[in-house]
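Q: my questions concern the predicted model and sequence given below.
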Amino acid sequence: MLADVLIVLAKVVLALTWTLLLALFLTWVERKESAVMQDRIGANRASVFGLRLFGLFQPFADAIKMLFKEDFAPTFSQRALHWLAPTFSFFFVSVAIVAVPFGDTVRLFGRRIPLQVVDLNAAVLFVLAMLSLGIYGILVSGWASANRYALIGSLRGAAQLISYEVALGLSLVGLIMVFPSLSLSRIVESQGALLFGFLPKWGVFLQPLGFAVFFLAGMAGTKRVPFDLPEGESEIIGFYTEYGGLKFGLFMFTDFLEVIVLSAMSTTLFFGGWQVPWLGDGGFAFPWGGRLDVAPWAVTVLRVLAFNLKVFFFCWLQILTRWTYPRFRYDQIMDLGWKVLVPLGVGNILITGLILAARG
Amino acid sequence: MIKAWLVVKELLRGAGITSRHFFVNMTFHTLRLFGIKTKRRGAVTIQYPEERKELSPRHRSLHRIRPRDDGRPSCVACMLCVTVCPSECISVEAAEDPDPEVQKVPAKFVVDLNRCCFCGFCVEACPVDAIRMDTGEIRLASKTRAGLEARLDKP
């Protein structure tokens, strides 16, 4: 009993550490990647005892800067809510990571430990619900700031997030029809099979349209640049105008956490999660007939590595998108959400249903 | 429908351009990290305080007074630069020179860099080619106003 509690605690700590560290270094990756894309070098001055390491200490310098800034709240703001809003945003996103399977199972001291904090049987719904609850952070921050522009910004954010939640939910229905389960671990396991004997049965091959709709709607949910109407840091005033220092840092961190959660969900649902193509429990079984035996511990390591690589790839892709496209106009955002993504999501369900019915 | 497809095509083309820049630059960064010399660099920027770009020969930087062969300033305190200066930032106090050929020297030659606009008119106006703007010193920052008053008659 005690061992079970300890195992869950250790998994919680590990998952949180993984997420927070990744988010911390995504701030560095974002600066460096955008710099490389724009023929610059990027932040490389932060050093510890003269050790620069390509500016890898920059996130820590940023964190220290934010910690020591003045904790400011406007005079007419609602102090308690002003404090709570960033914590809401932060909490709901970071809690979503518990449902993500990082790997299959490890055998330690005669126990089978699944590399997933909680194997919820409705994990898809849980993650969607947590991402939706993030709206409260935005709404409360705009309300508590006692600033009309911040309030309008938070309403814009709420409208955008609610619009895209619809598309996000619809895009996943097709996937749930194909892998008839709401549990993320079951979905990942069923993606280990083969399609036509050679193609890994990943969600993206079965539901390409569903993936496109999911990824676009998810990116709109992260509130980053092509969809950053709630913030609009450079021109229009957004919901965290009245925030500074650590509280602003929490909002910024939340964005990066949302990037990670979206990457992890795309990986898990559409790109086979921890599945390595053609890698079974005993080793590789290539479709062209070869076999390569791999030790069980190496299989686990490979699978965790594969999951991480896929997540990194999607983080990279989102940062690339963020630094490529300019911001949409508000009506364009609403058009894309309601007139493009929602019909596409419904169409995807229809097509999936027809194909499933035709196959019996 | 066709319009939507064109939009998607252009969006993908944009992502192609940025990712091409990313991968090409990353290749050169990686090659140079492992000590392989390449003609092209991964970035077009330079690391400023350590690396400097060469200034153009006609670049106008901090002023100096050209010295004579014996080291005394070659300025004859004719006040032409003071007259022509549009920012009125040059102030010269004349003094008598023991040499009858020279007659006047500046006792004090101050350029107030708070006001100077680096137009170079003083250089053009000087009849004896005494003031020049070719020191190559472009880091002219100071925490006090007095620190930006350059005494040119003293080295």
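A: That came through, no problem. Numbering: from 1, shown residues only, chains lettered A, B, ... in the order given.
Q: residues of the longest strand seen in chain B that come out buried?
A: When chain B is parsed with DSSP state E, its longest strand is strand B:104-112. Within strand B:104-112, the residues scored as buried using 16 or more other Cβ atoms under 10 Å in any protein chain shown are B:105-106, B:109-112. (Each C-beta comes from the backbone N, C-alpha and C, glycine too.)
Q: determine the set of other helices and strands touching the following helix or strand past that strand.
A: Sequence-wise, the next helix or strand downstream of strand B:104-112 (DSSP states H and E) is helix B:121-125. For helix B:121-125, the contact count by 3 or more Cβ pairs under 8 Å, 6 or more residues apart in numbering or on different chains; DSSP states H and E identifies helix B:80-84, strand B:131-132 as packing neighbours.
Q: ok, residues contacting helix B:121-125?
A: B:60, B:63, B:80-81, B:83-86, B:90, B:131-133 (Cβ atoms under 8 Å, 6 or more residues apart in numbering or on different chains).
Q: let me see the ranges of the strands in chain B.
A: Using DSSP E, the strands of chain B run over B:64-65, B:90-96, B:104-112, B:131-132, B:149-151.
Q: follow-up on the earlier one: save the buried residues of strand B:104-112 as a markdown table, and put in pLDDT too.
A: As requested, those are exported to a markdown table (pLDDT from 0 to 100):
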| residue | pLDDT |
| --- | --- |
| B:Val105 | 90 |
| B:Pro106 | 92 |
| B:Phe109 | 93 |
| B:Val110 | 94 |
| B:Val111 | 94 |
| B:Asp112 | 94 |
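Q: state the distance from A:Ala85 to chain B.
A: To chain B, A:Ala85 is 33 Å away according to Cβ to the nearest Cβ, to the nearest Å.
Q: give the contact list for that residue.
A: Here A:Ala85 is in contact with A:137-138, A:140-141, A:144, A:247 (Cβ under 8 Å, 6+ apart).
Q: which of the residues you listed lies closest to A:Gly42?
A: Of all these, A:Gly42 sits closest to A:Lys247, with 26.3 Å by Cβ to Cβ.
Q: just the pLDDT for that closest one.
A: Looking at A:Lys247, its pLDDT reads 91.
Q: helix, strand or coil for it?
A: At A:Lys247 the chain is in helix, as set by DSSP: H, G, I helix; E, B strand; the rest coil.
Q: that one touches A:Trp83, doesn't it?
A: Yes: A:Lys247 is within contact range of A:Trp83, at 7.3 Å (criterion: Cβ atoms under 8 Å).
Q: of these two, which one has the most company?
A: A:Lys247 (22 against 14; other Cβ atoms under 10 Å in any protein chain shown).
Q: gap between that one and B:Val111?
A: 49 Å (Cβ to Cβ, to the nearest Å).
Q: do the same with B:Met1
A: From B:Met1 to B:Val111 the distance is 69 Å (Cβ to Cβ).
Q: so who does residue 151 touch?
A: Went with chain A since none was named. A:142-143, A:145, A:239.
Q: the intended chain is chain B.
A: Here B:Arg151 is in contact with B:108-110 (Cβ under 8 Å, 6+ apart).
Q: mind doing that once more with 7 Å?
A: B:Arg151 sits next to B:109-110 when contact means Cβ atoms under 7 Å, 6 or more residues apart in numbering or on different chains.
Q: partner residues bridging it?
A: Residues in a beta bridge with B:Arg151, per DSSP bridges, are B:Val110.
Q: so what's it scoring on pLDDT?
A: 89.
Q: could you do A:Leu229 as well?
A: Per-residue confidence (pLDDT) for A:Leu229: 87.
Q: A:Trp288 now?
A: On the pLDDT scale, A:Trp288 gets 82.
Q: that one falls within a helix, correct?
A: No: counting by three-state DSSP, A:Trp288 is located in no helix; its state is coil.
Q: burial count for it?
A: Counted with other Cβ under 10 Å, A:Trp288 comes out at 6.
Q: for A:Ile333, same thing?
A: 21.
Q: quick check on A:Val106: phi, psi?
A: phi -110, psi 140 (degrees, to the nearest 10).
Q: does A:Ala193 touch A:Lys201 like I think?
A: Yes: between A:Ala193 and A:Lys201 there is a contact under Cβ atoms under 7 Å: 4.4 Å.
Q: okay, the two: which has more neighbours?
A: Neighbour count, other Cβ under 10 Å: between A:Ala193 and A:Lys201, A:Lys201 has more, with 17 against 11.
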